[in-house]
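>>> For reference, the sequence and a predicted model appear below.
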Amino acid sequence: MPRPSILLAILPALVGTPAAAATVLDPVGDFLPSYVFDHDPDLDVTSFSVDFNDATDTFLLGASLAGAVDLSEAGFYVIGVNTGTGAIDPFGDIGNGNVTFDQVIVLQKDGSVNLGDATLVGNVFTISVPLSLLPTTGADPQAYGFNLWPRYGATLGGNEQISDFAPNNALLTVNGVVPEPATWLTMLLGFGLAGAALRF
């Protein structure tokens with residue numbers, strides 16, 4: 001059995017180690033009601049992950065889709081990045097007003113990407129992006145928010161081209177999903193009620 005002094009010595013290291021990566025799972029077939037095109041499996045996100053390597057100052061983004069990427073059907077993948085300002089928020093009319101960003105990474109179905117390096121095999125892709133290509137507008141890199149949305153078609157059009165969001169109406173950071181403002185309020189009320197209950 002480990003000695004208590006050893007456990008006490010390593011406990012701060014275990015508790016103080018921040019999460020380096022986060023993944024959000026997304027249900028199969030949850031196409032947006034506003035999406036008006038074919039329900040192609042490669043436009044349906046099933047998972048999205050964000051990792052940040054402090055040693056190399058590099059983000060690693062990854063996703064899986066409900067089906068292998070089909071090059072015969074036009075489409076591409078956009079990852080919005082909130083590096084602090086979150087100045088762009090165009091999705092309120094389709095129920096995703098909390099998806100804010102100030103920079104974008106665009107991955108084409110052929111594997112070409114506007115920032116960093118991408119690998120796309122079957123229904124999975126990864127994108128490695130140096131922090132230097134995503135300069136901060138006020139946030140610490142560990143607090144950058146990310147959201148992935150596939151788009152139907154070969155060119156940028158209206159919101160009806162967006163098939164899915166991951167995460168839904170929120171942002172993913174290396175520490176997990178950033179709750180919506182309403183969720184924060186509910187959590188704070190819950191903490192307050194729990195605190196009040198403990199007093200009595």
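Structure's in. What do you need?
>>> Nearest residue to residue 125 in space, please, no chain neighbours.
Using C-beta to C-beta, 6 or more residues apart in numbering and skipping residues adjacent in sequence, the residue nearest residue 125 is residue 63, 5.7 Å away. The way it works is simple: take the backbone N, C-alpha and C, and place the C-beta from them, glycine included.
>>> Next: residue 112.
In this structure, residue 112 finds its nearest non-sequential neighbour in residue 118, 7.3 Å apart by C-beta to C-beta, 6+ apart.
>>> now swap in residue 131 and tell me
Sequence neighbours aside, residue 57 is the residue nearest to residue 131 in space, at 4.1 Å (criterion: C-beta to C-beta, 6+ apart).
>>> dump the residue contacts of the one you found.
130, 131, 132, 141 (C-beta atoms under 8 Å, 6 or more residues apart in numbering).
>>> Got phi/psi on it?
phi 50, psi 50 (degrees, to the nearest 10).
>>> circling back to that earlier point, which one among the contacts of residue 57 gets closest to residue 34?
Proximity of the contacts of residue 57 to residue 34 (C-beta to C-beta) peaks at residue 141, which lies at 32.1 Å.
>>> The residue nearest to residue 112 and residue 36, how far apart?
28 Å (C-beta to C-beta, to the nearest Å).
>>> Remind me which helix or strand the residue nearest to residue 125 belongs to.
strand 58-65 (DSSP states H and E).
>>> Quick check: residue 49 touching residue 59?
No: with contact defined as C-beta atoms under 8 Å, residue 49 does not reach residue 59; the gap is 10.6 Å.
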